[in-house]
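Undergrad: Starting from these lines, generate the structure:
(one chain, ligands or ions: 2)
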Amino acid sequence: MEFLDLPPLLGASGRVRLPGSKSISNRTLLLAALAEGETDIRDLLASDDVERMLEALRALGVEWTREEDSANYRVRGVGGAFPVKIADLFLGNAGTAFRPLTAALALSGGEYRLSGVPRMHERPIGDLVDGLRQVGADIRYTGNEGFPPLHIRPAQIRPGGVVRVRGDVSSQFLTALLMALPLTGVETTVEVVGELISKPYIGITLDLMARFGVTVRREGWERFTIPGGVRYRSPGTVFVEGDASSASYFLAAGAIGGGPVRVEGVGRDSIQGDVRFAEALAQLGAHIEMGDNWIEARAPASGRLKAFDLDLNHIPDAAMTLAVAALFADGPCRLRNIASWRVKETDRIAAMATELRKVGAIVEEGPDYLGVTAPARLLPAAIDTYDDHRMAMCFSLVSLGDCRVRINDPKCVNKTFPTYFERFAEVTKPVPVVAIDGPSASGKGTVAARVAEALGYHCLDSGSLYRLVALAGIRGGLSFDDEAGLAAIAATLPARFADGRVFLAGEDVTDAIRSEEASGGASKVAALPAVRSALLDRQRDYRHAPGLVAEGRDMGSVIFPDAGTKIFLTATAEARAERRYKQLIEKGMAANMKSLLKDLQDRDARDAARTVAPLQKLPDAALLDTTEMDVEQAVGFVLDRVRS
Ligand SMILES: Nc1ncnc2c1ncn2[C@@H]1O[C@H](COP(=O)(O)OP(=O)(O)O)[C@@H](O)[C@H]1O
Ligand SMILES: Nc1ccn([C@@H]2O[C@H](COP(=O)(O)OP(=O)(O)O)[C@@H](O)[C@H]2O)c(=O)n1
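TA: Ligands and ions are numbered 1, 2, ... in the order given. Prediction:
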């Protein structure tokens, strides 16, 4: 499984140009295809769901072109029903393509098969099919009753009168009917049965239909009348707004991570309901500012979001972002009226509950609500994303809690926002790491401690972890080639560091891990891949605000490859042996220069020769040879690099 590791972040600020709205992109494409005339579409979203729509339109005989490498498209409308009368369409997991195309094709007098990925075949479509059958459409389920895939056949369409459609499962059924019915040319009224959910999405549909020349008469949110004798006509050029749901992650990042974060592409003038996410954030105490085409969010003065209890029916997609924002609130939070989450890309209520628990939250899951109480401290976790782009994007925010997070299958964001993680990285600041690697007795420990003190950072002496494993192994009677046994020790090592002392299961072993036996053993256990991987997360967990200085052999190459400062600290073997000799004598320990030099050379050789994480200077590390330097100069060199 592919994954993406996000480091703990210090905060967020900056600007993001949003990708085009998925809802507007796919609706506009379909309307442009059905319209008379050519439509220039600017800033179309580049994503999987839009690709599915573009492919389907081409298969249905609609000509479109893309201005080279741009987000600008020209669609030549067919002025009514699709010219291709037999087609087999694969629509992935794109609900915004599947539902409206079903309706338009059902009224097009052809024979069409529509299918998608397995999850698409679990997402209900029965209410839409029932609505279309009322005007005579011939639609059959070729899998399970009520679900895709579908087989549409030519039928005698009897438009007019009243079509009833349920509005309480997905508003996309109503959207699909509204967009398709003008094809009949006969006045038809659509009546919504049950409370219509996600009303703002219907707002987008009506707005875009009006731009293409068809004005629907709306009575409340219950009755919609499509006039007779109307046709879609190209408005010439359509600009696709930025995606308001995608904006939610960045606005939340600003509200949680200090800010300000400004999103460009949506604002006061937006037709998308999800811009109201900004109001919800304001209720949580965030500072929000809005222009015609931008929104900006900053953290509350207190620094922490307020607990909330909100009905989120009007912003079902952006509401997911609030579930993760609840991890940063000052009390228990409740998200209400979100039943539609259960029939989206995945069962989002269940998925959200499972993953929020992984980071330590207390979660109460109801049929149409979630209760979320933040833990005192977020736990690092590997987040499963269920092939749901929003799960992946939401959980990136965990990293703002001074907590690393792994996002499994991060490419699922391709559905709506292929460059999400790049944009996220641009407006966030990772907790800095200074990685100092080098051979034995080069001065890593001394320099690292001094640099950490000067910067107020935490410090990691990674070598002591290998020494502890070796010591625990010796005491447990294990041989140094017992990889599984030593890895098990490493995985649960009861080590503690306090006041410059090292403890193993409560016992002070500061001197014991420096013994010749433990030192030699350390470089032997360190060559075992299973031991190294058992210590990987443990080392990464030292990274906390305001920063970390980490020293060892593979800090810059393996443990913190994204470290902002990487130093390879070294000195001649003779100089290092001499330093070690002095160190031991000062501590009142016995030492022999010759055997020290030999021991150190042996250890260096083992460290450099091993296959996993060998000791080496990588091109991205600065070489610092201290043979002729004192500690002061070495520390000064590192601090200069950090500050430059
Ligand atoms: N230029 C120098 N840089 C760092 N340490 C030095 C330098 N010159 C002498 N030393 C001494 O070398 C000894 C070994 O340093 P240490 O930090 O234990 O190395 P390491 O962690 O790389 O094994 C320490 O007593 C340190 O004071
Ligand atoms: N990041 C690290 C740190 C130490 N080690 C191993 O652990 C041993 C002891 O590390 P250390 O940093 O305490 O050693 P010295 O440099 O103090 O001699 C080294 O010889 C390496 O074999 C490692 O493999 N990777």
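Undergrad: For the rest of this, base every contact and every neighbour count on C-alpha atoms.
TA: Will do.
Undergrad: Next up, the contacts around the residue of the stretch 501-644 of the chain at minimum distance from ligand 2.
TA: Proximity of the stretch 501-644 of the chain to ligand 2 (Cα to the nearest ligand atom) peaks at S523, 3.0 Å away. Contact analysis of S523 by Cα atoms under 8 Å, 6 or more residues apart in numbering lists 466, 603, 606-607.
Undergrad: what do you get if the cut-off is 7 Å, keeping everything else the same?
TA: 603, 606-607 (Cα atoms under 7 Å, 6 or more residues apart in numbering).
Undergrad: what's the answer for P546, then?
TA: Counting by Cα under 7 Å, 6+ apart, P546 has contacts 431, 457.
Undergrad: how much space between it and ligand 1?
TA: 23 Å (Cα to the nearest ligand atom, to the nearest Å).
Undergrad: Same check on N144?
TA: 66 Å.
Undergrad: Kindly identify which of the contacts of S523 also come near ligand 2.
TA: Residues of these in contact with ligand 2 (Cα under 6 Å from any ligand atom): 603, 607.
Undergrad: Under the pLDDT cut-off, which ranges of the stretch 301-450 of the chain? List them.
TA: Across the stretch 301-450 of the chain, nothing is flagged by pLDDT under 70.
Undergrad: Which one of the residues in it is closest to ligand 2?
TA: S440 (3.2 Å).
Undergrad: Send me the lengthiest strand in the chain as PDB with only the CA atoms.
TA: Ordering each strand of the chain by length in residues (DSSP state E) puts strand 9-17 first. Output of strand 9-17 as PDB, limited to C-alpha atoms (Å, rounded to 0.1, in the frame of the first residue of the first chain):
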ATOM      1  CA  LEU A   9       3.600  20.900  11.700                       C
ATOM      2  CA  LEU A  10       4.300  24.200  13.500                       C
ATOM      3  CA  GLY A  11       1.500  26.100  11.800                       C
ATOM      4  CA  ALA A  12      -0.100  27.200   8.600                       C
ATOM      5  CA  SER A  13      -0.200  30.500   6.600                       C
ATOM      6  CA  GLY A  14      -0.100  31.500   3.000                       C
ATOM      7  CA  ARG A  15      -2.300  31.500  -0.100                       C
ATOM      8  CA  VAL A  16      -3.800  28.800  -2.200                       C
ATOM      9  CA  ARG A  17      -5.300  29.100  -5.600                       C
END
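Undergrad: before we move on, the earlier item: mind listing what's buried along the host helix or strand of the residue of the stretch 501-644 of the chain closest to ligand 2?
TA: If you go by DSSP states H and E, S523 is part of helix 516-525. In terms of neighbour count (16 or more other Cα atoms under 10 Å), helix 516-525 has its buried residues at 518-525.
Undergrad: my hunch is that the residue of the stretch 301-450 of the chain closest to ligand 2 is in a strand, does that hold up?
TA: No - judged by DSSP: H, G, I helix; E, B strand; the rest coil, S440 forms no part of a strand; its state is coil.
Undergrad: how many other residues sit next to it?
TA: 24 (other Cα atoms under 10 Å).
Undergrad: so what's it up against?
TA: 600, 604.
Undergrad: Roughly how far does it sit from ligand 1?
TA: Taking Cα to the nearest ligand atom as the measure, S440 falls 4 Å from ligand 1.
Undergrad: A176 against A103, yeah?
TA: Yes - at 5.7 Å, A176 and A103 qualify as touching, with contact defined as Cα atoms under 7 Å.
Undergrad: ok, back up a step: so can I have CSV of the buried residues of helix 516-525 showing pLDDT and distance to L584?
TA: Formatted as CSV, these follow (pLDDT from 0 to 100; distance: Cα to Cα, whole Å):
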residue, pLDDT, distance to L584
A518, 93, 15
S519, 89, 13
G520, 88, 16
G521, 94, 18
A522, 95, 18
S523, 89, 19
K524, 93, 22
V525, 96, 23
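Undergrad: so which of the residues you listed would you say is closest to V84?
TA: V84 lies nearest to V525 out of the buried residues of helix 516-525, by Cα to Cα, at 67.6 Å.
Undergrad: residues contacting that closest one?
TA: Taking Cα under 7 Å, 6+ apart as the test, what V525 contacts is 466, 470, 480, 531.
Undergrad: The second one belongs to a helix?
TA: When you say that, I think you mean A470. Yes - assigned with three-state DSSP, A470 falls within a helix.
Undergrad: tell me the SS of the closest residue in space to R262 that isn't next to it in sequence?
TA: For R262, ignoring the flanking residues on the chain, the nearest one in space by Cα to Cα, 6 or more residues apart in numbering is E296 at 4.1 Å. Recorded secondary structure, E296: strand (three-state DSSP).
Undergrad: Do I have it right that E296 meets V261?
TA: Yes - between E296 and V261 there is a contact at 5.5 Å, judged by Cα under 7 Å.
Undergrad: Which residues of this protein lie near ligand 2?
TA: Within reach of ligand 2 by Cα under 6 Å from any ligand atom, the chain has these residues: 439-441, 462-464, 466-467, 519, 522-523, 526, 552-555, 603, 607.
Undergrad: Could you write me a ChimeraX select line covering just the buried ones among these?
TA: Selection of buried members from the residues of the chain next to ligand 2 for ChimeraX, criterion 16+ other Cα under 10 Å:
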select :439,440,441,462,463,464,466,467,519,522,523,526,552,553,554,555,603,607
